[in-house]
Every structure is written in structure tokens, then in C-alpha cells.
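> below is the structure, and that's it, no one-letter string:
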């Protein structure tokens, strides 16, 4: 592939790759980096015969976005390592040990979602993307946890 052909491909697919990357990472700067690196990868592999450019570009972009999500997940928060929850800053919350006990009794997958949402400050959409699970699963898990928490706090014997 020569420079002219590369430029044609770049002009044709840049915006679509950028939008795709942005949808995956929800970060403008990172989506731009992913898009740039996608086209750098194409240029670096210009001697290789690529039969279908569009799928190739989207696969490269998806892989780069997944790498970013893994890095962000690893750097920002590791919700399952041990039972160390971030400390609640509100001293007016006497039920905190009870909350921790309820969380500890959750299924590990639900525990991860709850800790990320309520202690890690993640949005449900971020959790869905990071854990590769449906948005409805994250929402349902959080809703169920809130209902369980309310009923346990109102009636500790149950």
C-alpha cells in the first residue's frame, strides 16, 4: 500500500473508527489515541495483504480499546482483592459494618459490581464495559442490592 492509498483509507474511515473507539472507552483523548494507533498499525502492516480493510481497522481499534479498558481497570480499582473496602467518610453511618457483611455474602460477580458502583464511584455504563456484561445486569444487581440493604437495615434479624 502506498501513501496515496493509505490517505484514502484514512480519510474514509477515520471518523467511524473514532466514534467506535469513543463508544468503547467514553474518553475523547483516549479515543483519539486509539484511532491514531489503529492507523499507525495499518501503516506498519502496509506490506501485508489485507483483504478487507474495514473489518481489519475495527478489529484493531477494538483490541486497542480493550487494552485501554484493562489498563484503566487495573490502575483505578481492583474490587475483589481481599475484603478491603474504601472507608466511608461519613461518621453518621452506624450501619457500615452491616453493609460490609451484606456485601461479603454476595456472589463474587455481584460483589464486584456493588463494590465498583458504591465504593469505586464507577457509573453503571463503565462497569458494564469493564466487566463485559449487559448494562441491564449491572442495573438489576445494584437495584437488588439496594433493596436487600434496605430490608436488612430495617429488619436486621432477617
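Looks like it came in fine. It should be emphasised that the depicted structure is a prediction, and the values quoted were computed from it without experimental measurement.

> Provide a list of residues in contact with the closest residue to residue 124 other than its chain neighbours.
In space, and not counting its chain neighbours, residue 124 is closest to residue 138: 4.6 Å by C-beta to C-beta, 6 or more residues apart in numbering. In this view, the C-beta of every residue, glycine as well, is placed from N, C-alpha and C. With contacts defined as C-beta atoms under 8 Å, 6 or more residues apart in numbering, residue 138 is in contact with 113, 117, 124, 127-128, 131.

> select from these the one having the most neighbours.
Neighbours here mean other C-beta atoms under 10 Å. Within those, the largest count is held by residue 113, at 26 neighbours.

> what packs against the one helix or strand it maps to?
Element membership of residue 113 [criterion: DSSP states H and E] is helix 108-114. When contacts are defined as 3 or more C-beta pairs under 8 Å, 6 or more residues apart in numbering; DSSP states H and E, helix 108-114 packs onto helix 96-104, helix 124-131, helix 135-154.

> now the helix or strand bottoming out on mean pLDDT in the chain against helix 135-154, angle please.
Lowest by mean pLDDT, DSSP states H and E among the helices and strands of the chain is helix 96-104, with a mean of 73. Taking axes from the mean of the first three to the mean of the last three C-alpha atoms, to 10 degrees, one finds helix 96-104 and helix 135-154 inclined to each other by 140 degrees.

> for helix 96-104, which positions count as buried?
Using 16 or more other C-beta atoms under 10 Å as the test for burial, helix 96-104 gives 99, 102-103.

> related to what we said a few turns ago, looking at the helices and strands packed on helix 108-114, which is nearest to residue 25?
Residue 25 lies closest to helix 124-131 among these, at 7.9 Å (C-beta to C-beta).
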